[in-house]
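# here is a sequence with its predicted model. Questions after.
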Amino acid sequence: MIKYLYLIISISLCCAQWFQLNHDFIARTYYVSYPDNVEDQESVPLIINMHGYGGSASSQRLYSEMDDFAHQLGIAVVYPQGIVNSIGYTSWNIGTFWDFSNLDDVGFIDAMIEKISNDFNIDQDRIYACGMSNGGYMSYELACELENKITAFGSVTGNFMLNTNQECEFSREIPIIHFHGTSDSVVDYYPPSFDDALTVFESADFWTQYNDFDLESMEELNNNVEIYTFGNDQSNTVFKHYKVYGGEHDWFKENWGFHTSRVLVDFFLQYRLSDFYNETILGDVNNDSEINILDIVLLTDIILNDSYVEVGDLNNDQTISILDLILLINIILYI
């Protein structure tokens, strides 16, 4: 019988141990792996790494090897534990086909974030989520439900299950990265999927439309791996996909030319939650939260000096000219 050790800890100590919280009158557990190379007062990013169907937090930690990459950069990783469902397997309840329990797993993850943030010095600007297989499905679910707390999301061989219970009403752009092998015999790479989930390029279409992406690129990492990137010129938010030809249901490692955990960590650290909520008001060139004659003066000076400042490019044509000045004047006239 597994014994869970609960300790009162100091955030200055390296920590890898089990914790428990009660959610909906059910004891839920999670394993926190905290880096030891951070200062006492330094807040650290957090990656939520979720196991697959029938898996466990412990197995996911060993399988993904994420600690090896995250701790080098001062990142904590938490491995939440799914509950055994009605047919005898641990899983995450994402609704529809996968609704084998009535558990509120989104609520559990939300409560877990709050509890970890109370116990450790977590950077609320840099919380991320990823998972393997059913855990990847859950990461997509969190993108719909907890985008106000979790910055970016990753799925490894897990598709996007849209269902009527979701609240996919986003207040910001959503960065996502998805890894999938074309020979996956567990979760379909090509449509139609066995569970009616959106397969990877169907997911890309969904998020491309939502995020207003209009650019698509592809690069070959090697003979077996293609990297697709969907985005636009106005934002660094992307939907990125690693397509692994011949890859099966796997957390891909160096034998494929990359390590999934390393790529996830690097992808996540590009984004901060505050980046999506501190938006500049169109026309507020001097960033004082007002649009007035002072903005006209500053924009005129930028034009005369033949400079480029992104906030002054009101029409997003990658140049600053009299056209931007005319647009600014019209904005002021019609405020």
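Sure, I can see it.

# for stretch 186-200, the distance to its chain's centre please.
21 Å (C-alpha atoms, centre = their mean, to the nearest Å).

# contacts for it, please.
Stretch 186-200 has contacts (C-beta atoms under 8 Å, 6 or more residues apart in numbering) with 96-98, 133, 136-137, 157-162, 178, 180-183, 202, 206, 241, 243, 249. The C-beta positions use only the backbone N, C-alpha and C, and glycine is treated the same way.

# among the residues you listed, which ones are in strands?
178, 180-181, 241, 243 (DSSP state E).

# so which of these comes closest to Val32?
His178 (25.9 Å; C-beta to C-beta).

# next, count neighbours for the closest one.
Around His178 there are 27 other residues, counting by other C-beta atoms under 10 Å.

# ok, now Ile83?
For Ile83, using other C-beta under 10 Å, the count is 18.

# tell me, what's the model's pLDDT at Ser10?
pLDDT, Ser10: 33.

# okay, now the unreliable bits of the stretch 1-150 of the chain?
Across the stretch 1-150 of the chain, the ranges flagged by pLDDT under 70 are 1-15, 40-41, 97-100.

# as a check, name the ranges of all helices in it.
Taking DSSP state H, counting those that start in this stretch as the test, the helices found in the stretch 1-150 of the chain are 57-64, 66-70, 105-119, 134-145.

# same for the first one, what does it pack against?
So that's helix 57-64. strand 26-34, strand 44-50, strand 76-80, strand 122-132 (3 or more C-beta pairs under 8 Å, 6 or more residues apart in numbering; DSSP states H and E).

# format these as a markdown table; extra columns: mean neighbour count and distance to Ser86.
Shown next, in a markdown table, are the helices and strands packed on helix 57-64 (neighbours: other C-beta atoms under 10 Å; distance: least, C-beta to C-beta, whole Å):
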| stretch | mean neighbour count | distance to Ser86 |
| --- | --- | --- |
| strand 26-34 | 19 | 14 |
| strand 44-50 | 27 | 20 |
| strand 76-80 | 27 | 20 |
| strand 122-132 | 23 | 21 |
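
# wait, which of the ones you listed is closest to Leu221?
strand 122-132 (19.2 Å).

# partners of that closest one, with directions?
In the sheet, strand 122-132 lines up against strand 44-50 (parallel), strand 152-156 (parallel) (DSSP bridges).

# tell me how far the last one lies from the chain's centre.
Put plainly, it is strand 152-156. 5 Å.

# tell me the buried residues in that strand?
152-156 (16 or more other C-beta atoms under 10 Å).

# show me the two of those that sit farthest apart.
Going by C-beta to C-beta, the pair spanning the buried residues of strand 152-156 furthest: Ala152 and Val156, at 14.2 Å.

# and the gap between Phe258 and Met218?
16 Å (C-beta to C-beta, to the nearest Å).

# what's near enough to touch Ser117?
Gln124.

# over to Tyr245?
Residues in contact with Tyr245 (C-beta under 8 Å, 6+ apart) are 181-182, 223-226.

# burial measure for the closest residue to Ser155 other than its chain neighbours, as a count.
Leaving aside its sequence neighbours, Ser155 sits nearest to Gly136 (C-beta to C-beta, 6 or more residues apart in numbering; 3.4 Å). Gly136: 27 surrounding residues under other C-beta under 10 Å.

# export the buried residues of strand 152-156 to CSV and append columns for pLDDT.
Below are those laid out as CSV (pLDDT from 0 to 100):
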residue, pLDDT
Ala152, 98
Phe153, 98
Gly154, 98
Ser155, 98
Val156, 98
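
# related to what we said a few turns ago, neighbour count winner among Phe258 and Met218?
Higher neighbour count among Phe258 and Met218: Phe258, with 18 against 10, using other C-beta under 10 Å.

# the more buried one against Trp251, yeah?
No. Counting by C-beta atoms under 8 Å, Trp251 is not a contact partner of Phe258; they are 11.3 Å apart.

# so Ser307 touches Asp313, yeah?
No. Using C-beta under 8 Å, Ser307 is not in contact with Asp313, being 10.9 Å away.

# shared neighbours of the two, anything?
Ile320.

# could you check which of the two has the larger neighbour count?
Between Ser307 and Asp313, Asp313 has the larger neighbour count (other C-beta under 10 Å), namely 18 against 10.

# what's near enough to touch the more buried one?
Asp313 neighbours (C-beta under 8 Å, 6+ apart): 319-320, 324.

# let's see 6 Å
Ile320 (C-beta atoms under 6 Å, 6 or more residues apart in numbering).

# and Phe276, by the same measure?
Arg172 are the contacts of Phe276 under C-beta under 6 Å, 6+ apart.

# tell me the phi and psi of it?
When read as degrees, to the nearest 10, the backbone of Phe276 gives phi -90, psi -10.

# from Asn236, how far out is it?
Per C-beta to C-beta, Phe276 is found 11 Å from Asn236.
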